[in-house]
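build the 3D model from these lines:
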Amino acid sequence: KTRKQAIFFENAGGAQVPQSCIDYMAASLQCRHRSVIGTQSKAAARETARVILGAADEDAVVFGANATVLLASLAQRYVQQKLLCATDEVVISTENHKANFDPWIAAALQVGATVKLWTPSLMQQPQNLPSTSNYQRSASLHQLITPQTRIVAIPHASNILGNLEPVAFLSGIIKSRSRGRAHIVVDGVAAVPHIFPGFNESLGNIDWYVVSMHKLFGPHLGVLVGRRGQAMEQLSVATQESFLSSLESGTVNIEGCAGVVGLGVYFRSLARFYHTSTNGRDDIKLQLRTSLTGENVVEEPGHRTLITSGDVVSLDDVKLAYSMIRRVEIRLTNFLIQGLGRSQFVRILGCPLSNSSLPCHEEQSTLLVRLPTVSFLHDTISSQQIYRFCKDRGIICRHGLFLCTEFFAADFGLENNPDGLLRVSLSHYNTVEEISELFNVLDSIPGWHGRD
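Numbering: from 1, shown residues only. Below is the predicted model:
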């Protein structure tokens, strides 16, 4: 008996991987030659990551085990280089994943720096504060940034709320009010599967941007981009190469690097699919299982060296692929949110539909971008019950608090909720039909609409 294929709605925890990425990684493992193929893979992967993230040639691209490790290493680098001291202030968004929260709290405690917490999703001072908190808190970033601010750590998007922060706008506030002294660290993990980050085009004057490639349809590999300028100069690094060696300890994951190059090939296939199949239509129904499981793009290892300069995706193809992804996901996200809203007992966290003009906090001055990461609570059914009911019927989602900060949990009244939220996180390869199947399952849960 053939089992029905599961429907995967847990992309925020780790996305599905295209065949091109798998092929490149497999070929790397089949023909291991560290000094030749390894060097080629690292160089091509660095260039591929640079293009996908929109960094400039002079920006540093650093590889690590994952975003958590890279951020911890960066925070300790500030301590070791005495770039963070007792007279400094560290401002951290409570919407951060703990990966961009805990390392800066630890670094501040090590040197005696002042910690301030920004609560961007709350319009007023929250009432539910963790008993251990002595930190100044405000929903206004203007009130928190001063000429003593050294570090500002924010997410590009929350992995729970699904709202994209206006990073370029925020960076202007931060640099202006700190008189250029603050270094801005942005966690892009929850954003890059859905939008082109444009490190040098769209994010203003930020200093650091970190991602985990396994959320971006790639291998388990972290990437940190650093802007050539004040931050790296003040870390007393003379050249990009010495900066890389200071954070890239040990041997970089070579097969992971090969997978990043294969990810670039996938982006190129999306751009080609756009050209040949869609003619730029707004109602694209993107069926990507062909791309995800398509042709083997790697020749036998003995026929040529694994990586060539021609394997690196172009910036134009990356932008085109992302524009296509965004079009598809807007439709999917709105369909999901509208369907969940059919039950009066469902409370969705975050702002409403994609392309809404409703400001989510006082710093928001531009059109809201709602990503397809949707978290909700049901008034009478626990998130764990919903998760199990869906899982038993072949729908993969997730429940919990997703490594959010204790302050975020308290702000949303989740600190005493062991089951946390139910999260449905879509990607561009999901379909309206799959979401409709989710609705059928949810509607069949006893009490979903309040009826026995």
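
which residues in the stretch 51-200 of the chain form helices?
With helices called from DSSP state H, counting those that start in this stretch, the stretch 51-200 of the chain shows them at 67-80, 102-111, 141-144, 167-177.

so can I have a markdown table of those helices showing distance to residue 260 and mean pLDDT?
Glycine gets a C-beta too; all of them are placed from N, C-alpha and C. Shown next, in a markdown table, are the helices of the stretch 51-200 of the chain (distance: least, CB to CB, whole Å; pLDDT from 0 to 100):
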| stretch | distance to residue 260 | mean pLDDT |
| --- | --- | --- |
| helix 67-80 | 14 | 95 |
| helix 102-111 | 24 | 97 |
| helix 141-144 | 34 | 95 |
| helix 167-177 | 23 | 96 |
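
please identify the most buried of those helices.
Stretch with highest mean neighbour count among those: helix 67-80 (a mean of 21; mean count of other CB atoms under 10 Å).

which secondary structure elements does that helix sit against?
Helix 67-80 is packed against strand 60-64, helix 102-111, strand 183-187, strand 208-212, strand 222-226, helix 240-247, with contacts defined by 3 or more CB pairs under 8 Å, 6 or more residues apart in numbering; DSSP states H and E.

for residue 136, find the nearest of those.
helix 102-111 (12.6 Å; CB to CB).

run through the neighbouring helices and strands of that closest one.
Counting by 3+ CB pairs under 8 Å, 6+ apart, helix 102-111 packs on helix 67-80, strand 89-93, strand 114-118, strand 149-155.

got the ones you listed as TSV, with distance to residue 396 columns?
Shown next, in TSV, are those (distance: least, CB to CB, whole Å):
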stretch	distance to residue 396
helix 67-80	23
strand 89-93	29
strand 114-118	33
strand 149-155	24
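
let's see stretch 425-433 as CSV, backbone CA atoms only.
Presented in CSV, the C-alpha positions along stretch 425-433 are these (Å, rounded to 0.1, in the frame of the first residue of the first chain):
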residue,chain,number,x,y,z
SER,A,425,5.0,28.0,7.9
LEU,A,426,4.6,27.9,4.2
SER,A,427,7.1,28.1,1.3
HIS,A,428,6.8,28.8,-2.4
TYR,A,429,6.5,25.1,-3.2
ASN,A,430,3.4,24.7,-1.1
THR,A,431,0.0,25.0,-2.9
VAL,A,432,-3.5,26.2,-2.3
GLU,A,433,-4.7,22.6,-2.5
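
tell me the buried residues in that stretch?
Neighbour-count burial for stretch 425-433 flags 425-431 (criterion: 16 or more other CB atoms under 10 Å).

quick one: average pLDDT of that stretch?
In this model, stretch 425-433 has a mean pLDDT of 97.

what does stretch 9-22 give?
Mean predicted lDDT for stretch 9-22 stands at 95.

tell me which residues of that stretch come out buried.
Buried, per 16+ other CB under 10 Å, within stretch 9-22: 9-13, 15-22.

closest one to residue 228 among the helices and strands packed on helix 102-111?
Closest of those to residue 228 is helix 67-80, at 15.5 Å (criterion: CB to CB).

got the angle between that closest one and strand 208-212?
Helix 67-80 runs at 150 degrees relative to strand 208-212, counting by axes from the mean of the first three to the mean of the last three CA atoms, to 10 degrees.

nearest to residue 248 among the helices of the stretch 51-200 of the chain would be which one?
Smallest distance to residue 248 across the helices of the stretch 51-200 of the chain (CB to CB): 9.3 Å, for helix 67-80.

by how many degrees do the closest one and strand 89-93 diverge?
170 degrees.

pLDDT weak spots in the stretch 51-200 of the chain?
Counting by pLDDT under 70, the ranges of the stretch 51-200 of the chain that qualify are 122-133.

equivalent analysis for the stretch 251-400 of the chain, please.
Short version for the stretch 251-400 of the chain, where the test is pLDDT under 70: 277-309, 352-367.

could you redo the last one with a cut-off of 90?
Across the stretch 251-400 of the chain, the ranges flagged by pLDDT under 90 are 251, 272-312, 350-369.

where along it do the strands fall?
Along the stretch 251-400 of the chain, counting by DSSP state E, counting those that start in this stretch, strands occupy 346-348, 373-378, 395-396, 398-400.

columns mean neighbour count on top of these, output as CSV?
Shown next, in CSV, are those (neighbours: other CB atoms under 10 Å):
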stretch, mean neighbour count
strand 346-348, 17
strand 373-378, 23
strand 395-396, 18
strand 398-400, 20
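
columns distance to residue 384 on top of those strands, output as CSV?
CSV is the format used below for the strands of the stretch 251-400 of the chain (distance: least, CB to CB, whole Å):
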stretch, distance to residue 384
strand 346-348, 16
strand 373-378, 11
strand 395-396, 15
strand 398-400, 5
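
out of these, nearest to residue 179?
Set against residue 179 and scored by CB to CB, the strands of the stretch 251-400 of the chain come closest in strand 373-378, at 35.3 Å.

so which bits of stretch 311-322 are buried?
311-313, 317-322.

one more: stretch 23-40?
For stretch 23-40, the neighbour count (16+ other CB under 10 Å) marks 23-28, 37-38, 40 as buried.

now the helices and strands packed on helix 67-80 in a markdown table, with distance to residue 341?
Conversion of these to a markdown table gives the following (distance: least, CB to CB, whole Å):
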| stretch | distance to residue 341 |
| --- | --- |
| strand 60-64 | 40 |
| helix 102-111 | 35 |
| strand 183-187 | 29 |
| strand 208-212 | 31 |
| strand 222-226 | 36 |
| helix 240-247 | 45 |
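
out of these, the one nearest residue 82 is which?
The closest of the helices and strands packed on helix 67-80 to residue 82 is helix 102-111. By CB to CB, the value is 8.2 Å.

only C-alpha atoms, please: export the closest one in CSV.
Provided in CSV are the C-alpha atoms of helix 102-111 (Å, rounded to 0.1, in the frame of the first residue of the first chain):
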residue,chain,number,x,y,z
ASP,A,102,21.4,35.5,24.4
PRO,A,103,25.0,36.1,23.0
TRP,A,104,24.5,39.9,23.4
ILE,A,105,23.1,39.6,26.9
ALA,A,106,26.1,37.4,27.9
ALA,A,107,28.5,39.8,26.3
ALA,A,108,26.9,42.8,28.1
LEU,A,109,27.0,41.0,31.4
GLN,A,110,30.7,40.1,30.9
VAL,A,111,31.8,43.7,30.5
